[in-house]
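[1] what would the 3D arrangement of this be:
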Amino acid sequence: MTAATVSRPVHVGVSGGSVSTGTGTLLRFMLRRDRIRFPAWTLGLTLLMTYFATALDTLVQSPEDLEGLTAFSGSPAGALFGGPGFGFDDLTLERFLAGQYGLYVAIGAGLMGLLTVVRHTRTEERSGRAELIRANVVGRHAQLTAALTLTAAMAILVALLIGATLTGRGFDAAGSMLFGASVGAVALAFAGIAAVTVQMSEYPRAASGMAGAALGAAFVLRGLGDMATVQGSGPSWLSWLSPIGWSQQTAAYVHNRWWPLAISLTFAAATATTAYVLSARRDFGAGLVPSRPGSPRAATWLAGPFALAFRLHRASLIGWSAALLVAGLAYGSFTQPLLDGFENAPEDLLAVMGGSEDLLDGYLGMMGLTMALAVGVYVVLAVQTLRAEETEGRTEPVLATSVSRTVWLGSHVAVAALGVPWLLLVGGLGVGLGASVSTGEAGLIGDVLLGHVAHTPAVWLILAATAFLYAAVPRLLPAIWVVVGYGLIAGYFAPILDIPAAALRLSPFEHVGDYPLEDISGVAVVMLTLLVGVLLQAAVIVFRRRDLGTGT
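    Numbers count the residues shown, from 1 in each chain. Predicted coordinates:
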């Protein structure tokens, strides 16, 4: 929706001064603006679930195959990366699908909810478009109401599509619809959280970051609680502090409990209500947490494009560093209990963790991949910062000075690139410290750090590909999430889904090696680094030739 579009008078057909006046008109605007994003999110999550179901249906050909899956899914590792494993003592295909892979569809739904709300509220205020809209006959809460309504429509559609798709495959209809509803409930819960965070900060990135941190915390709390549940000891109640955990407690295809979704809906309603109250207490365009006034004099080292890029990315780097350190400590501390839970697992499932002889190294290698995927998310968001700088009109004043396009783009990419090994090092330090305390082997720290940092070229490749998309076709920038998602599927589920070796090589994370389980491939490091250089050079060339755009 461009400024030219919203500058025309909006005839809402509603009289009076209601705070929700114009909601319907704004909702139509949002639907038009999201005419691509709406089906991309809803159909994408449905297709992801369909892929999991199809792959498992191909893999599981006999009851013996299901018995093999039980050992993994009922272990602490299965709980960490899947869920509490309801009904795994009498495992069926649909129970395994919902209990092990439903988590990742739910995370996607959470991202859908929070990003949609931020996009249509705080981003609109920051860009100035919301001010033009508010100059018409539009109530104070119309923008937020329309954004939440749109998100609710997306959540309901995702729930219905997933439920109908699984029912069509012959799964239990009641369980399928409940599972779809549990995915939609996660979207609603995090839409409510985002509705609150957009009131706190005047910057869209900060609002998204706070909501994303809540999603990450929900994942960690759920994982720790579910691992404790499987082990029969520990703080299993942590799962009940997570919106993701509430959806998993429905136990689709097992107990078919609808009542945990009431917690999700109550939470979504409570956070939305809080957002309305907070919205009435702040000035338009401002956040409840005021921006600190800067120093009247800038330090000498700030007088340059690289320093500007660092300032823009600094808060994100600090937040990611803290989050990865805490997550690493949490997952590392469960190393020994996880190893104990895998003692009698079958060989085909031990392959997920690297084989029975190298179970410890396999788990630590998997943690390295996990942190690399997380840092991959960071670099994508970092490049999206460039898109925001351009569309919000802050890039042109910088380029009007002596700063060239090459230097401007290169400065931002350089800051993100330097952040990659730093974040991997911080995450590896957390895992290494936690694992060494859990197992009593202090020597693990060095191996874990090396294994984490070794993924740097793979994450750089994600960064370079994202930068090239931004430079060439910025509207296609969201397509890079497919690469990150495929890396997750290939890295975690290749042994179970029997993904061909040729398909595995399409993932950037499958070449360097998961040290300490596998040796680090020097050839892969060199080749990936060269490919990164080529992509970045191409990005610079393309960016110099295209026009700057201010539209979304």
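
[2] measure stretch 116-129 end to end?
    The first and final residues of stretch 116-129 sit 16 Å from each other (Cα to Cα, to the nearest Å).

[3] please state the mean pLDDT value computed over it.
    What stretch 116-129 shows for mean pLDDT is 86.

[4] just stretch 164-182 next, same as before
    Across stretch 164-182, pLDDT averages out at 92.

[5] low-confidence ranges, this protein, go.
    1-17, 58-78, 294, 298-299, 301, 337-358, 495-498, 549-552 (pLDDT under 70).

[6] and if we set it to 50?
    In the predicted model of the chain, residues 1-16, 550-552 satisfy pLDDT under 50.

[7] let me see the domain layout of it.
    What automatic domain parsing lists as the domains of the chain is 19-286, 313-552.

[8] dump those into a markdown table; add mean neighbour count and distance to Pro305 as well.
    Using the backbone N, CA and C atoms, a C-beta is placed for each residue, glycine as well. Listed next are those as a markdown table, based on neighbours: other Cβ atoms under 10 Å; distance: least, Cβ to Cβ, whole Å:
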| stretch | mean neighbour count | distance to Pro305 |
| --- | --- | --- |
| domain 19-286 | 21 | 19 |
| domain 313-552 | 19 | 4 |
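
[9] right, and those domains - which one's nearest Arg297?
    Taking Cβ to Cβ, domain 313-552 is the member of the domains of the chain nearest to Arg297, at 18.9 Å.

[10] Met371 contacts Leu424, correct?
    Yes: taking contacts as Cβ atoms under 8 Å, Met371 lies within contact range of Leu424: 5.9 Å.

[11] got any residues that touch both of those two?
    Taking Cβ atoms under 8 Å, 6 or more residues apart in numbering as the contact rule, Met371 and Leu424 both touch 452, 455.

[12] so which of the domains of the chain is nearest Pro296?
    Of all those, it is domain 313-552 that lies closest to Pro296, at 19.9 Å by Cβ to Cβ.

[13] check which helix or strand Val379 maps to.
    Per DSSP states H and E: Val379 is located in helix 359-391.

[14] helices and strands around the following helix or strand past that helix, which ones?
    Once the chain leaves helix 359-391, the next helix or strand it forms, by DSSP H and E, is helix 395-399. In terms of contacts (3 or more Cβ pairs under 8 Å, 6 or more residues apart in numbering; DSSP states H and E), helix 395-399 is packed against helix 405-439.

[15] tilt between the helix it packs on and helix 359-391?
    Angle, helix 405-439 to helix 359-391, by axes from the mean of the first three to the mean of the last three Cα atoms, to 10 degrees: 150 degrees.

[16] check which element follows helix 405-439 along the chain.
    Next along from helix 405-439, by DSSP H and E: helix 444-453.

[17] from the contact counts, what lies against the helix holding Val379?
    When contacts are defined as 3+ Cβ pairs under 8 Å, 6+ apart, helix 359-391 packs onto helix 204-231, helix 305-332, helix 335-341, helix 405-439, helix 444-453, helix 456-472, helix 480-497.

[18] show me how far it is from its chain's centre.
    Computed by Cα atoms, centre = their mean, to the nearest Å, the separation of helix 359-391 from the middle of its chain amounts to 9 Å.

[19] make 716 the starting number, not 1.
    Yes, from this point I'll number from 716; that puts the last item at helix 1074-1106.

[20] quick one, it and helix 919-946 angle?
    160 degrees.

[21] need the contact list for Thr761.
    With contact taken as Cβ under 8 Å, 6+ apart, Thr761 is in contact with 873, 876-877, 880.

[22] what strand or helix carries the most centrally placed residue in the chain?
    The residue lying closest to the centre of the chain (Cα atoms, centre = their mean) is Leu826, at 5.8 Å. Secondary structure from DSSP H and E places Leu826 in helix 817-835.

[23] do Gly800 as well
    Gly800 belongs to no helix or strand, assigned by DSSP H and E.

[24] that one against Ala794, yeah?
    Yes: here Gly800 lies in contact with Ala794, judged by Cβ under 8 Å, at a distance of 6.2 Å.

[25] now do the shared contacts for the two.
    Common neighbours of Gly800 and Ala794, counting by Cβ under 8 Å, 6+ apart, are 941, 945.

[26] which SS state does Arg972 fall under?
    Taking DSSP: H, G, I helix; E, B strand; the rest coil as the rule, one finds Arg972 in the coil state.

[27] how near is it to Ser962?
    Distance of Arg972 to Ser962, given as Cβ to Cβ, to the nearest Å: 11 Å.

[28] before we move on, what about Val1227?
    As for Val1227, its distance to Ser962 is 35 Å (criterion: Cβ to Cβ).

[29] just Val1122 next, same as before
    In terms of Cβ to Cβ, Val1122 sits 47 Å off from Ser962.

[30] Ala987 now?
    Distance from Ala987 to Ser962, by Cβ to Cβ: 18 Å.

[31] what's the answer for Leu826, then?
    14 Å.

[32] what's the answer for Trp1035, then?
    The gap separating Trp1035 from Ser962 is 26 Å, by Cβ to Cβ.

[33] re earlier: could you point out the helix or strand that follows the helix holding Leu826?
    As assigned by DSSP H and E, the chain's next helix or strand after helix 817-835 is helix 837-842.

[34] can you name every helix or strand that that following helix contacts?
    helix 844-849, helix 919-946.

[35] turn those into a markdown table, columns for distance to Ala1209.
    Formatted as a markdown table, the helices and strands packed on helix 837-842 follow (distance: least, Cβ to Cβ, whole Å):
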| stretch | distance to Ala1209 |
| --- | --- |
| helix 844-849 | 44 |
| helix 919-946 | 21 |
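
[36] closest one to Ala867 among the ones you listed?
    Among those, helix 919-946 sits nearest to Ala867 (Cβ to Cβ), with 16.4 Å.

[37] could you say what helices and strands the closest one packs with?
    In terms of contacts (3+ Cβ pairs under 8 Å, 6+ apart), helix 919-946 is packed against helix 791-796, helix 817-835, helix 837-842, helix 888-915, helix 958-963, helix 1020-1047, helix 1050-1056, helix 1074-1106.

[38] quick revisit: now tabulate the helices and strands packed on helix 1074-1106 in a markdown table and tack on distance to Ile1256.
    Formatted as a markdown table, the helices and strands packed on helix 1074-1106 follow (distance: least, Cβ to Cβ, whole Å):
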| stretch | distance to Ile1256 |
| --- | --- |
| helix 919-946 | 28 |
| helix 1020-1047 | 19 |
| helix 1050-1056 | 46 |
| helix 1120-1154 | 9 |
| helix 1159-1168 | 30 |
| helix 1171-1187 | 8 |
| helix 1195-1212 | 19 |
